[in-house]
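**Student:** pasting the sequence and the predicted coordinates here, then a few questions.
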There are 2 protein chains.
Amino acid sequence: MDVALTLFASSGYRGTGMTEVASQVGITEPGVLYHFGTKVGLLHAVIEQRAKLSQAFARDVAEQGGLAGIREIVALAHRSAREPDLIKLFAVLLAENFEDDGPAHDFFVEHYRALRVSVVELIEAGQLRGELRADVDPALKAVEILGTLDGMANQWLLDPEAVDFVACVEAYVATLERDLALAPLS
Amino acid sequence: MDVALTLFASSGYRGTGMTEVASQVGITEPGVLYHFGTKVGLLHAVIEQRAKLSQAFARDVAEQGGLAGIREIVALAHRSAREPDLIKLFAVLLAENFEDDGPAHDFFVEHYRALRVSVVELIEAGQLRGELRADVDPALKAVEILGTLDGMANQWLLDPEAVDFVACVEAYVATLERDLALAPLS
DNA sequence: CGAACCTTACTAACAGCTCAGTAAGTTTGA
DNA sequence: TCAAACTTACTGAGCTGTTAGTAAGGTTCG
């Protein structure tokens, strides 16, 4: 599954053959199919394994709530920068599953809905506590925050020499703190 | 090329065969190859045609400079929402070309560098005019703005029922105006 | 005539997947 | 204790379908 992750991340689901997955683990192609049944089975096994970790982390961040939770995004960026293949996997597979009939379309729909719920809860907690300004729509802000992280990551994956992902996230989080906080800091 | 655009957008470059492109225009596969030589030739023809329009629009927006330019992003969002296939094409092909050896890797690297330069110039113009606050790094902000638009569009493409792209862009642009403007508006 | 445009026919490579068989290890029963 | 029965984890061969691309030939039009 580690091999499949790396190959799916670099060549996409459609672009990787079972023969290459098999040869990189030192067995034959039917040997891999014995364990996962089909290629889609392998895909599901890989993404579900990783998604559980990712969503659990998102829930932990959301539980902190408000400004503390937002500041945790920087830690998440540091962790992500150390695992570019994992970020690439999700970016590549997302784009391969925009269409309704993609092999992981439903997974990604649910995945992003769950992530948005986590962020919405984070913002609402901050608003109730009087920590964050009340005139921002949590639903719209959640799309913005998740989208910004994904979009900046995409530019970093494409051109790591030109884009410093961690620096971009730090600057964005600073903006969020400045804009979302109830009382201006400076 | 319109057919290829739609197919590349929905099935990706790797996922579309020349036979399907050909059949949808009513000729055979070698008939298509006669015009574009290879499949990569067709890809280049499609993306270069559309990229010229896209970059010209970005330059026009950037020329306005400062707050007026930022407000133009809303108009861009309205236009994009009417052409989901075009947005999907670039999102899908970007993800297929993260790797150095992708058939359009170099194009996308240059494309995003050019877009970032346009946004940097837009911000710097506003700062020189005293319209935008001077303590934001234009390079980092450019990655953020382009990334946010891409990332929000991705969520919209994946799940149009759950994500209202135009509303998200309007909210984000409002945030930008509030945060980037030198004097707070409210 | 001759160039533009397209067809039919083909090739070599590769895709996912099935099937039959096998070697090794584990469990069960007298 | 020893062997039969069964499970696990594969291999090798092969099936069917599809891929991009080529070679050669023919039609249409100026």
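**Tutor:** Arrived safely, thanks for sending. Numbering: from 1, shown residues only, chains lettered A, B, ... in the order given.
**Student:** going forward, measure contacts between C-alpha atoms and count neighbours the same way
**Tutor:** Will do.
**Student:** for chain A, what spans make up the helices?
**Tutor:** In chain A, the helices defined using DSSP state H lie at A:2-15, A:18-24, A:29-36, A:39-64, A:66-82, A:84-96, A:105-128, A:138-158, A:165-180.
**Student:** what parts of chain A come near DNA strand D?
**Tutor:** A:26-32, A:34-35 (C-alpha under 7 Å from any atom of the strand).
**Student:** setting aside sequence neighbours, what's the nearest residue to residue A:12?
**Tutor:** residue A:92 (6.1 Å; C-alpha to C-alpha, 6 or more residues apart in numbering or on different chains).
**Student:** quick one: contacts for residue A:168?
**Tutor:** A:152, B:140-141, B:143-144 (C-alpha atoms under 8 Å, 6 or more residues apart in numbering or on different chains).
**Student:** repeat that with 10 Å
**Tutor:** A:74, A:77, A:148-149, A:152-153, A:156, A:174, B:137, B:139-144 (C-alpha atoms under 10 Å, 6 or more residues apart in numbering or on different chains).
**Student:** show me what the lowest-mean-pLDDT helix or strand in chain A is packed against.
**Tutor:** Here the helix or strand of chain A ranked lowest by mean pLDDT, DSSP states H and E is helix A:39-64, holding a mean of 88. If contacts are counted by 3 or more C-alpha pairs under 10 Å, 6 or more residues apart in numbering or on different chains; DSSP states H and E, helix A:39-64 sits against helix A:2-15, helix A:29-36, helix A:66-82, helix A:84-96, helix A:105-128.
**Student:** and of the helices of chain A, who's closest to residue B:46?
**Tutor:** Closest approach to residue B:46 among the helices of chain A is made by helix A:84-96 (18.6 Å; C-alpha to C-alpha).
**Student:** tell me the angle the closest one makes with helix A:39-64.
**Tutor:** 110 degrees (axes from the mean of the first three to the mean of the last three C-alpha atoms, to 10 degrees).
**Student:** where does the prediction get shaky in chain A?
**Tutor:** Judged against pLDDT under 70, the low-scoring parts of chain A cover residues A:182-186.
**Student:** at 50 instead, please
**Tutor:** Where chain A drops to pLDDT under 50, the residues are A:185-186.
**Student:** what parts of chain A come near DNA strand C?
**Tutor:** For chain A, the contact set with DNA strand C under C-alpha under 7 Å from any atom of the strand comprises A:14, A:16-20, A:29-30, A:33, A:37-40.
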